[in-house]
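*Asks:* Here you go, sequence then predicted model.
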Amino acid sequence: MLSSTGLAAARRVRVIGMRSVFSSIARISTRSAACPKVRASVRIAAVFNRGFAAAASRSATKTATATATRKTTTTTKKPAAKTTTAARQKKKASSTKKPTAKKAAPKKKTVPKKTGRLKKTVKEVPENVKLFRKVKELKAKALLNEQPRGLPARSWLVFVQKNGGVPKGQTATEFMSAMKKQFAALSSVEKQALQDEARANKVRNDAALINWITTYPVETIEAANLARSHLKRLGKTAKLSLPDPRRPKGLLSPYIIFTTQRMKSGDLDNIPPTARVAAIGSEWRALSETERQPFYEAAEKDKERYKVERASLSPSP
């Protein structure tokens, strides 16, 4: 049995041999005129043999070259495999090497994250709103609502209170106009009785007010008086300051002491009050420093009196 290569070579020999036979026949036919005649069978057999020999030699050379090329490819492939194994070993060696320590990157500065909340825009408060809040605060300090309501301290108010309120079916203006007419028609005796009752009510009101004031500390009453004076300047109240008997009298200046002495002397009684004050001021400016010295000493004594009275106040309840 031939191998696949042998079968392929035999096929080539057959084909090549047949081609050589036909070509030789053609050459013989061209030369037949000059050469002696030879039998056709002999000529065909000779040509066939030559072609077969040439084809056999050609196939042998081809097989020899094929085997040689195979051997060279196998020999050349072996070192390639060696190189691949060497490369693998190099890769393993490189993988087993210790990794070099990388330089630490510089730390970035931590920037605080911005929150999504927007800053609230502060709206400007209108002046009327500021005034309203200020008045409300001052009224709370002034103790206006806490102050007790007193009895009517005027004869007219006593007369209106006795006649009751506004009757049904009549307006306040109509009622007040009728009361004025009736009050004007009263006799002197009736009006005197109303006045006496009003004075008695005032005494009761003062006593009740003092009792109510003493329930608060002295500092609270002083703050209430300051708030009331502020409200008066703003035109928001007409109530008087609270008379606190526990509070010491204010400090006296040298000029006040001089003025009180001049008022008590009686030398300026025949002069009107406005002219009297102007005359006292001109006299004070005309005094020398030695003449003013006694008044300065009196003012220092009054300051000591104020300190003692202030320290002797009872503690806040």
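*Replies:* Great, that's in hand.

*Asks:* which SSE is E304 in?
*Replies:* Using DSSP states H and E, E304 sits in helix 289-311.

*Asks:* Counting by contacts, list what that helix packs against.
*Replies:* helix 254-265 (3 or more Cβ pairs under 8 Å, 6 or more residues apart in numbering; DSSP states H and E). C-beta coordinates here come from the backbone N, C-alpha and C atoms, glycine included.

*Asks:* which outside residues touch the helix it packs on?
*Replies:* Residues from elsewhere that reach helix 254-265, judged by Cβ atoms under 8 Å, 6 or more residues apart in numbering: L268, R276, I280, E283, W284, R292, F295, Y296, A298, A299, D302.

*Asks:* Can you give me the buried ones in it?
*Replies:* P254, I257, F258, T259, R262 (16 or more other Cβ atoms under 10 Å).

*Asks:* Helix 289-311 and that one, what's the angle between them?
*Replies:* 100 degrees (axes from the mean of the first three to the mean of the last three Cα atoms, to 10 degrees).

*Asks:* Pull out the CA atoms of helix 254-265 and give them to me as PDB.
*Replies:* Provided in PDB are the C-alpha atoms of helix 254-265 (Å, rounded to 0.1, in the frame of the first residue of the first chain):
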ATOM      1  CA  PRO A 254     -25.200 123.000  93.900                       C
ATOM      2  CA  TYR A 255     -27.400 125.200  91.700                       C
ATOM      3  CA  ILE A 256     -30.700 123.500  92.900                       C
ATOM      4  CA  ILE A 257     -29.600 124.000  96.500                       C
ATOM      5  CA  PHE A 258     -28.900 127.700  95.800                       C
ATOM      6  CA  THR A 259     -32.300 128.100  94.000                       C
ATOM      7  CA  THR A 260     -34.200 126.600  96.900                       C
ATOM      8  CA  GLN A 261     -32.500 128.900  99.300                       C
ATOM      9  CA  ARG A 262     -33.300 131.900  97.200                       C
ATOM     10  CA  MET A 263     -37.000 130.800  96.900                       C
ATOM     11  CA  LYS A 264     -37.400 130.400 100.600                       C
ATOM     12  CA  SER A 265     -35.800 133.700 101.400                       C
END
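
*Asks:* Can you name the next helix or strand after it?
*Replies:* Following helix 254-265 in sequence, per DSSP H and E, is helix 273-286.

*Asks:* So what touches that next one?
*Replies:* In contact with helix 273-286 (Cβ under 8 Å, 6+ apart) are residues Y255, F258, T259, R262, M263, L268, I271.

*Asks:* Mind doing that once more with 10 Å?
*Replies:* Residues outside helix 273-286 that contact it (Cβ atoms under 10 Å, 6 or more residues apart in numbering): 254-255, 258-263, 267-272, 291-292, 295.

*Asks:* which parts of stretch 301-317 are buried?
*Replies:* Neighbour-count burial for stretch 301-317, counted by 16+ other Cβ under 10 Å, picks out D302.

*Asks:* tell me the mean pLDDT over it?
*Replies:* Average pLDDT, stretch 301-317: 78.

*Asks:* quick one on the thing from earlier: could you dump the buried residues of helix 254-265 into TSV and include distance to A208 and pLDDT?
*Replies:* As requested, these are exported to TSV (distance: Cβ to Cβ, whole Å; pLDDT from 0 to 100):
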residue	distance to A208	pLDDT
P254	39	94
I257	35	93
F258	39	94
T259	35	93
R262	39	91
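
*Asks:* With respect to S241, which of those is nearest?
*Replies:* T259 (22.2 Å; Cβ to Cβ).

*Asks:* What's the separation between that closest one and G281?
*Replies:* For T259, the distance to G281 equals 9 Å [Cβ to Cβ, to the nearest Å].

*Asks:* Following the record's annotation, map out the domains of this structure.
*Replies:* 4-78, 130-247, 248-317 (automatic domain parsing).

*Asks:* and those, which one is worst for confidence?
*Replies:* Within the domains of the chain, confidence is poorest for domain 4-78, with a mean of 57 (mean pLDDT).

*Asks:* if we can go back for a sec, from the contacts of helix 254-265, which is closest to M179?
*Replies:* R276 (42.1 Å).

*Asks:* State the distance from the closest one to L151.
*Replies:* Per Cβ to Cβ, R276 is found 38 Å from L151.

*Asks:* Same question for D269.
*Replies:* Distance of D269 to L151, given as Cβ to Cβ: 38 Å.
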